[in-house]
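Asks: How does the following fold in three dimensions:
(one chain, ligands or ions: 1)
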Amino acid sequence: MERLDKFLCGAGAGTRSQVKLLLKAGRVTVDGAVEKDGSRKVDPAAVEIALDGQTLGGMRRAVVMLNKPAGFITATEDDSQATVMELLPPQWKHLDLKPVGRLDKDTEGLLLFTNDGELLHRLITPKKEVRKVYYARHEGWAGEEDVRAFAQGLTLGDGTRCLPARLEPLGPGESLVTVCEGKYHQVRRMLASRGMPVTYLERRQEGALTLGNLPRGQARELTGGEIQALEAGEDAGGGENDW
Ligand code: URA
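Replies: I've put the predicted structure just below:
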């Protein structure tokens with residue numbers, strides 16, 4: 001947080017005395033509302049500060065984690081259905097965040113957003129092998145044959161080839177699935193192809209990131225360290241290609 005007048009000087013709006021006059025004249029807005037008090041403490045990363053309607057300061061890079069509830073589609077806008085964008089706090093609107101990959105409407109859990117196009121690309125390209133871990137409830141019981149089939153790389157009913165993946169049966173009708181790509185309805189289709197239709201799906205981990213104790217429906221910004229780990233492609237556990 002810093003004083004509004006100090007931010008304005010730093011952003012090149014003018015000298016201290018010029019800034020004072022700009023504020024007095026009502027030419028400065030914070031999140032669209034005129035602000036005349038230069039001593040007001042602002043977080044330029046969290047609010048939009050404008051002079052004569054022009055936003056000041058470059059947009060900083062942001063990466064956000066959402067614990068997505070069921071019932072929201074992964075899209076930036078839609079005419080009829082609720083989108084994940086509606087779950088982000090309004091003060092992040094100016095950050096122009098975009099979802100990284102997608103979760104189905106009924107899938108819950110970890111969904112990332114960023115305004116960094118390069119990072120977005122890096123995270124969704126299968127070559128980089130950002131591992132995503134899903135908890136699935138499904139019909140049937142996964143066995144050794146299924147584990148082997150996942151490890152070898154499944155071919156789905158329509159001929160789609162999947163990269164090797166890890167299936168860890170947790171008990172009757174419950175498994176963890178780890179994949180490093182994001183094909184349409186991938187985990188649901190993989191389990192269905194082995195006769196285990198999914199009844200519930202939650203993404204719990206992406207690279208080194210886990211949901212932690214982030215409540216369902218809530219979002220938080222990643223720390224600098226978390227972003228670095230994500231960029232470096234660090235995993236929370238597991239070794240090299242140990243499917
Ligand atoms: N796989 C799916 O089938 N659905 C998701 O939402 C994510 C992965």
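
Asks: lowest-pLDDT helix or strand in this structure?
Replies: helix 117-124 (a mean of 84; mean pLDDT, DSSP states H and E).

Asks: got the buried residues for it?
Replies: For helix 117-124, a neighbour-count test (16 or more other CB atoms under 10 Å) marks 119-120, 122-123 as buried. Quick note: C-beta positions are derived from backbone N, CA and C, even for glycine.

Asks: The strand or helix carrying Leu110 - contacts with which helices or strands?
Replies: Applying DSSP states H and E as the criterion places Leu110 in strand 108-114. The contact analysis (3 or more CB pairs under 8 Å, 6 or more residues apart in numbering; DSSP states H and E) places strand 108-114 against strand 63-68, strand 98-99, helix 117-124, strand 198-206, strand 209-210.

Asks: what's it in contact with?
Replies: Applying CB atoms under 8 Å, 6 or more residues apart in numbering, the contact partners of strand 108-114 are 61-70, 74, 84, 88, 97-101, 103, 120, 123, 134-135, 201-206, 209-211, 216, 219.

Asks: angle of it against helix 117-124?
Replies: Calculated by axes from the mean of the first three to the mean of the last three CA atoms, to 10 degrees, strand 108-114 forms an angle of 150 degrees with helix 117-124.

Asks: Go back to the contacts of strand 108-114 and keep what's next to the ligand.
Replies: 103, 201 (CB under 6 Å from any ligand atom).

Asks: Go ahead and build a PyMOL selection from the buried members of the contacts of strand 108-114.
Replies: Entered in PyMOL, the line below selects the buried ones among these, by 16+ other CB under 10 Å:
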select buried, resi 62+63+64+65+66+67+68+69+74+84+88+97+99+100+101+103+120+123+134+135+201+202+203+204+205+206+209+210+211+219
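
Asks: before we move on, back to that, could I get the least confident helix or strand of the chain in CSV with only the CA atoms?
Replies: Provided in CSV are the C-alpha atoms of helix 117-124 (Å, rounded to 0.1, in the frame of the first residue of the first chain):
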residue,chain,number,x,y,z
GLY,A,117,0.3,-15.1,-22.1
GLU,A,118,3.7,-16.8,-22.1
LEU,A,119,3.1,-18.5,-18.8
LEU,A,120,-0.4,-19.5,-19.9
HIS,A,121,1.0,-21.2,-23.0
ARG,A,122,3.8,-22.9,-21.1
LEU,A,123,1.3,-24.4,-18.6
ILE,A,124,-1.1,-25.9,-21.2
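
Asks: What residues does this protein have near the ligand?
Replies: 103-104, 107, 185-188, 201.

Asks: Just checking the distance from the strand holding Leu110 to the centre of its chain.
Replies: 3 Å (CA atoms, centre = their mean, to the nearest Å).

Asks: relative to strand 63-68, how tilted is that strand?
Replies: Going by the same axes, to 10 degrees, strand 108-114 makes 160 degrees with strand 63-68.

Asks: Parallel or antiparallel, list what pairs with strand 108-114.
Replies: strand 63-68 (antiparallel), strand 98-99 (antiparallel), strand 198-206 (parallel) (DSSP bridges).

Asks: Where neighbours are concerned, which of the residues of the chain next to the ligand has the most?
Replies: Val187 (26 neighbours; other CB atoms under 10 Å).

Asks: host element of that residue?
Replies: Using DSSP H and E, Val187 maps to helix 186-193.

Asks: So which elements touch that helix?
Replies: strand 132-138, strand 174-179, strand 198-206.

Asks: From Gly10, how far out is the spatially most central residue of the chain?
Replies: With distances taken as CA atoms, centre = their mean, the residue of the chain nearest its centroid is Leu112 (0.8 Å). To Gly10, Leu112 is 30 Å away according to CB to CB, to the nearest Å.
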